[in-house]
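Enquirer: Here is my input, please return the structure:
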Amino acid sequence: MEQGLLLVNLGTPSALTKTAIKDYLAEFLHDRHVVDLNPLIWYPILHGIILPKRVPYIMQHYQKIWINAQSPLAYYSQSLCQKLQTNQPTKTPIQCELAMTYGQPAILSALNKLQQCKKITVLPLFPQYSTTTTQAVFDKIKLIVDKQKIGAEINYHYDYADHPSYIDALYIQIEQAFAAQGKPDALVLSYHGIPIKYITKRHDAYPQRCELTTQRLAQKLQHNHPDIPVKMAYQSKFGKGEWTTPNTSHLLTQMAKEGIKHVHVICPGFSADCIETLYEIDDENREIFLAAGGERFSYIPALNDTDLQVKLVWDLLKDVLQ
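Expert: Residues are numbered from 1 along each chain as shown. As a prediction, this is how the structure comes out:
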């Protein structure tokens with residue numbers, strides 16, 4: 001086959017068991033792209049304190065959101081890949097494969113399935129580039145390509161923070177939510193946070209990419225909803241270091257105390273729903289907002305495997321595929 005498409009998402013436990021969750025978290029938190037600490041200090045803390053405490057805690061939350069014997073991220077990512085395989089815009093077939101940065105399906109096995117392709121386009125499903133996510137994908141693939149001597153021409157897609165089709169897809173999701181749940185007093189865009197030291201040490205432009213998405217989306221919403229303020233925040237802080245702010249939970253608490261009664265929350269940085277969106281936002285932060293005085297909390301789903309997401313992927317790759 002002439003062309004291949006490799007979709008890459010972050011990763012997820014392969015089963016709803018303590019062993020599978022522990023294995024996934026260990027692989028994820030061993031990566032220096034994610035936790036940039038001295039391994040001699042970090043590994044004993046990770047294996048002696050963090051994993052024993054977090055695995056049972058995380059398992060409880062996965063039990064609430066597991067669908068079709070899979071995590072939501074695995075389910076929606078696989079479904080998206082299958083839909084891309086069967087709904088193609090070109091006459092020449094494109095082989096579509098899915099990989100995870102951590103866990104299964106592994107990047108190596110996905111590349112092996114694409115070994116007959118002369119050209120491979122790598123699309124990390126992270127709309128906003130970060131060294132903690134997108135660059136981790138690129139570095140893993142480059143190591144595999146060098147070691148396995150893969151001869152295909154490989155194109156790396158950087159990100160799509162302000163791509164018109166991405167902004168349009170988010171806008172449509174939001175409009176559909178407004179129509180179904182009612183117009184809110186405010187819209188919150190919640191992105192995954194990163195440590196401040198990564199921004200200064202690595203010159204990671206992730207916050208600027210998130211701000212760009214927010215700016216473009218707010219501009220588009222301004223035409224029909226000039227009365228709805230759009231705010232952005234960062235979630236999923238891990239550890240005691242300084243992370244990007246404002247924190248989503250703090251912002252929602254403040255908004256409720258200031259009289260905001262109905263809020264819609266969307267997570268533009270997540271291409272597929274996962275524990276960070278379905279539990280952390282739609283469960284945990286819902287409770288936080290209501291406890292602080294809010295009355296209605298509406299979570300707007302990720303693009304997942306919708307037709308909007310399928311169209312978005314093909315629009316992103318239009319130039320490369322032609």
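Enquirer: mind listing the helices in the protein by residue range?
Expert: In the chain, the segments counted as helices under DSSP state H are 18-30, 39-45, 51-65, 72-86, 107-113, 134-148, 164-181, 196-202, 206-222, 248-257, 286-291, 307-316, 318-321.
Enquirer: Tell me which of those lies nearest to residue 98.
Expert: In this view, these are compared for proximity to residue 98 by CB to CB, and helix 72-86 is the closest at 4.1 Å. C-beta here means a position set from N, CA and C on the backbone, and glycine is covered the same way.
Enquirer: ok so, going back, mean pLDDT, distance to residue 300 and mean neighbour count added to the helices of the chain, as TSV?
Expert: What follows is these, written out as TSV (pLDDT from 0 to 100; distance: least, CB to CB, whole Å; neighbours: other CB atoms under 10 Å):
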stretch	mean pLDDT	distance to residue 300	mean neighbour count
helix 18-30	95	26	18
helix 39-45	93	36	12
helix 51-65	94	16	14
helix 72-86	97	15	20
helix 107-113	96	30	18
helix 134-148	94	23	17
helix 164-181	98	4	17
helix 196-202	96	27	15
helix 206-222	98	12	18
helix 248-257	98	14	20
helix 286-291	98	13	16
helix 307-316	97	12	19
helix 318-321	77	26	12
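Enquirer: looking at these, which is closest to residue 235?
Expert: Nearest to residue 235 among those is helix 248-257; the distance by CB to CB comes to 4.2 Å.
Enquirer: ok, and what's touching that closest one?
Expert: Judged by CB atoms under 8 Å, 6 or more residues apart in numbering, the contacts made with helix 248-257 from elsewhere in the structure are 186, 188, 190, 231, 233-235, 263, 265, 281, 284-285, 288-290, 292-294.
Enquirer: ok, of the residues you listed, which come out buried?
Expert: When burial is judged by neighbour count using 16 or more other CB atoms under 10 Å, the buried members of these are 186, 188, 190, 231, 233-235, 263, 265, 281, 285, 288-289, 292, 294.
Enquirer: sorry, back to before: any chance of a markdown table for the helices of the chain, columns distance to residue 123?
Expert: Compiled in a markdown table, the helices of the chain are given as follows (distance: least, CB to CB, whole Å):
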| stretch | distance to residue 123 |
| --- | --- |
| helix 18-30 | 20 |
| helix 39-45 | 31 |
| helix 51-65 | 25 |
| helix 72-86 | 10 |
| helix 107-113 | 12 |
| helix 134-148 | 9 |
| helix 164-181 | 12 |
| helix 196-202 | 22 |
| helix 206-222 | 16 |
| helix 248-257 | 27 |
| helix 286-291 | 31 |
| helix 307-316 | 7 |
| helix 318-321 | 9 |
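Enquirer: nearest to residue 128, of those helices?
Expert: Put simply, out of those the one that sits nearest residue 128 is helix 206-222, at 3.7 Å, with distance taken as CB to CB.
Enquirer: and the angle from the closest one to helix 134-148?
Expert: Between helix 206-222 and helix 134-148, the angle comes out at 120 degrees (axes from the mean of the first three to the mean of the last three CA atoms, to 10 degrees).
Enquirer: list the helices and strands helix 206-222 packs on?
Expert: Helices and strands touching helix 206-222, by 3 or more CB pairs under 8 Å, 6 or more residues apart in numbering; DSSP states H and E, are helix 164-181, strand 186-192, strand 230-235.
Enquirer: between those, which gets nearest to residue 321?
Expert: Comparison of those against residue 321 by CB to CB identifies helix 164-181 as nearest, at 14.2 Å.
Enquirer: so which of the helices of the chain gets nearest residue 2?
Expert: Comparing the helices of the chain by their distance to residue 2 (CB to CB), the top pick is helix 318-321, with 10.1 Å.
Enquirer: What separation do you get for the residue nearest to the spatial centre of the chain and residue 50?
Expert: In the chain, the C-alpha closest to the average C-alpha coordinate belongs to residue 270, at a distance of 2.8 Å (CA atoms, centre = their mean). Counting by CB to CB, to the nearest Å, the gap between residue 270 and residue 50 amounts to 23 Å.
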